[in-house]
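Visitor: Predicted model and sequence follow; I will ask about them next.
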Amino acid sequence: IISMRGVPSIDESVIEEFAGFFGNLHRAGINIHFCGIMPNVKKMFERSGLAETLGEDRFHYDVIAAVNSL
């Protein structure tokens, strides 16, 4: 579970790094979940297609919701 609560914005270079990193984790069978993601950050995930690749069910309002989804 990755808390994005304190992340106000990201750019395309961060999305590219995330895509590579999370792709490696996914191939290793490690599930990634996000919580506390701000709307403009989520929009970048969606615009890049990374939200769809990871799955919308991986994005949660808070850590409690993320833990409950496991």
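Guide: Arrived safely, thanks for sending. Since this is a predicted model, take the numbers as computed values, not measurements.

Visitor: Show me which positions of stretch 14-26 end up buried.
Guide: Applying a neighbour-count criterion of 16 or more other CB atoms under 10 Å, one finds 15, 18-19, 22 buried in stretch 14-26. For the C-beta atoms, the positions are set from N, CA and C on the backbone; glycine is no exception.

Visitor: go on, stretch 28-48?
Guide: Judged by neighbour count (16+ other CB under 10 Å), stretch 28-48 contains these buried residues: 33-37, 41-42, 44-45, 48.

Visitor: distance between it and the chain's centre?
Guide: 2 Å (CA atoms, centre = their mean, to the nearest Å).

Visitor: For the residue nearest in space to the middle of the chain, which residues count as its bridge partners?
Guide: Nearest to the geometric centre of the chain sits Phe34, at 4.7 Å (CA atoms, centre = their mean). On the basis of DSSP bridges, Phe34 takes part in beta bridges with Ile2, Phe59.
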